[in-house]
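Colleague: Need the 3D shape of this:
(one chain, ligands or ions: 1)
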Amino acid sequence: MSLRIAIAGLRRGASFDAVFRQRPDCKVVAVCDRNEARARQFAEAHEIGKWCTAYSDLLDEEADVVVVATPAPLHAEQSIAALRAAKHVLSEVPAAVSLDECKALVAAAQGSTATYMMAENYCYIRTNVLVRHLARVGLFGEIYFGEGEYIHELKGLNEITKWRRKWQTGINGCTYPTHSLGPLIQWFDQRVVSVCCFGSGHHYRDPRGDEYEQEDSIHMACRMANGGLANIRLDMLSNRPHNMTYYSLQGTEGCYESPRGHGDRPKVWLKSRHDDPNAWHDLSGFEKEFLPEQWLHPSEEALKSGHWGGDYFVVADFLGAIIEDRDPPIGIHQAMDMTVPGLVSQQSIAEGSAWLEVPDSREW
Ligand SMILES: NC(=O)c1ccc[n+]([C@@H]2O[C@H](COP(=O)([O-])OP(=O)(O)OC[C@H]3O[C@@H](n4cnc5c(N)ncnc54)[C@H](O)[C@@H]3O)[C@@H](O)[C@H]2O)c1
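Modeller: Numbers count the residues shown, from 1 in each chain. Modelled structure (predicted):
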């Protein structure tokens, strides 16, 4: 099967173009960007036959797949339009920016013959994949606690990509949860049933002198369906170096901590494998036994792709689902599991950090 790919949004979309280009079974046939020069130059530089500035024109192209890599407030609307046109959708994160959009997106995905997948690429980071495999075979025992942190100071980027100032730092609550929450949901193998969100106050102003609506460090406590707790920290404002990939996991039989940087390494302690209850061990010691072959010996193409190889495997799983006619690993309900808690957290913090129930999209 050969698949024709159309891409909307040519900044993040450029990374997807590079990955689809590695695949002999795919051809990027059309690109769209509201910025005319960017669309035209990208198409010329990459020898892509069609380019346009209006998303509706992209949908008119003869393509099988649409990649939605535009700003967050457009994801749901553009995904819904593509699904209605029976085109497979790979959407950037988050899947939507309101609960109403989420409901409309679920209805569109359920009513379409096409496949929907959310491109939550941090679930595909090598260490996160390995921890998932250790969790699946029960090496952590019963998992009851986890942490995920996305610390990415973007006050400057807010001024270049202005939608971020409104949709990421212009709303109080966990506006960008999926990179931190996604891997934890997979490790727990549980959805979030309620959230309580609180913050560290306001210590920064934008260049116009306006206080950011979002508090500097947002914490979203997530009650998991098995009674466990996951704590998500989102910080896009504090003056400090990045750490977008901190995670930890605790179960009755073991624990994991990813690096906080500055020379630390991913480390694990597993009761059934390690005698000394106080000694950490390198997570990498479990690669050979537990990592699938494609991760153990990744292809050159995979190594070249963005986000530590994650982008390559997102696309591989998406295409595999289409070609083999199976559900993608981050299909519509998993996308909702990772997106909806953040939206409810915005309500929670507005209500004085009330614990609020997170609806299950499977019941919509
Ligand atoms: N998963 C990841 O690791 C990751 C990394 C970066 C960005 N993202 C996500 O990808 C999305 C895009 O982010 P970005 O950094 O590329 O943003 P950006 O603002 O740098 O680029 C967005 C592009 O979309 C274009 N655009 C805007 N409206 C459009 C429309 N209606 N139709 C077509 N094109 C339109 C803009 O002209 C611009 O070229 C965001 O949702 C962001 O959160 C995810």
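
Colleague: and the residue in the stretch 251-364 of the chain that the ligand sits nearest to, how many residues sit next to it?
Modeller: The stretch 251-364 of the chain approaches the ligand most closely through His307 (5.3 Å), counting by CB to the nearest ligand atom. No exception for glycine: its C-beta is placed from N, CA and C like everyone else's. His307: 18 surrounding residues under other CB atoms under 10 Å.

Colleague: The residue of the stretch 151-300 of the chain found nearest the ligand: what's it in contact with?
Modeller: Minimum separation of the stretch 151-300 of the chain from the ligand (CB to the nearest ligand atom) falls at Thr161, amounting to 3.5 Å. Counting by CB atoms under 8 Å, 6 or more residues apart in numbering, Thr161 touches Arg11, Pro71.

Colleague: Quick check: phi and psi on it?
Modeller: As for Thr161, its main-chain torsions (degrees, to the nearest 10) stand at phi -100, psi 90.

Colleague: Within range of the ligand, give me the residues from the stretch 1-150 of the chain.
Modeller: Applying CB under 6 Å from any ligand atom, we find that the stretch 1-150 of the chain lies next to the ligand at 8-12, 32-35, 38, 55, 69-72, 74, 92-93, 121.

Colleague: Just the buried residues of those residues.
Modeller: Buried by 16 or more other CB atoms under 10 Å: 8-10, 12, 32-34, 38, 55, 69-72, 74, 92-93, 121, out of these.

Colleague: Which ones among those lie within strands?
Modeller: Ala8, Cys32 (DSSP state E).

Colleague: Name all residues that make contact with the residue most central in space within the chain.
Modeller: For the chain, Glu120 is the residue whose C-alpha lies nearest the centre (CA atoms, centre = their mean; 2.8 Å). Neighbour list for Glu120: Val93, Thr178, His179, Gly182, Val314, Ile330, Ala335, Met338 [criterion: CB under 8 Å, 6+ apart].

Colleague: Look up the closest residue to it, ignoring the ones flanking it.
Modeller: Among residues not flanking Glu120 along the chain, Gly182 sits closest, at 4.3 Å (CB to CB, 6 or more residues apart in numbering).

Colleague: From the chain's centroid, how far away is the helix or strand hosting the one you found?
Modeller: When elements are assigned from DSSP states H and E, Gly182 belongs to helix 178-188. The chain centroid and the centroid of helix 178-188 are separated by 9 Å under CA atoms, centre = their mean, to the nearest Å.

Colleague: what packs against it?
Modeller: Contacts defined by 3 or more CB pairs under 8 Å, 6 or more residues apart in numbering; DSSP states H and E place helix 178-188 against helix 126-136, strand 143-151, strand 217-224, strand 229-235, strand 243-251, helix 332-350.

Colleague: any idea how far Glu301 is from Asn243?
Modeller: Separation of Asn243 from Glu301 (CB to CB, to the nearest Å): 28 Å.

Colleague: To clarify, my last question referred to Ile160.
Modeller: Ile160 is 30 Å from Glu301, by CB to CB.

Colleague: the more surrounded of the two?
Modeller: When Ile160 and Glu301 are compared on other CB under 10 Å, the one with more neighbours turns out to be Glu301, at 15 against 9.

Colleague: give me every residue that touches the nearest residue to the more buried one once chain neighbours are set aside.
Modeller: Excluding the flanking residues, the one nearest Glu301 by CB to CB, 6+ apart is Gln22, at 4.0 Å. Going by CB under 8 Å, 6+ apart, Gln22 touches Glu301, Lys304, Ser305, Tyr312.

Colleague: circling back: deepest of the helices and strands packed on helix 178-188, which one?
Modeller: Most buried of the helices and strands packed on helix 178-188 by mean neighbour count (mean count of other CB atoms under 10 Å) is helix 332-350; its value is a mean of 24.

Colleague: anything in that helix near the ligand?
Modeller: No. Using CB under 6 Å from any ligand atom, helix 332-350 never reaches the ligand; the gap is at least 11.7 Å.
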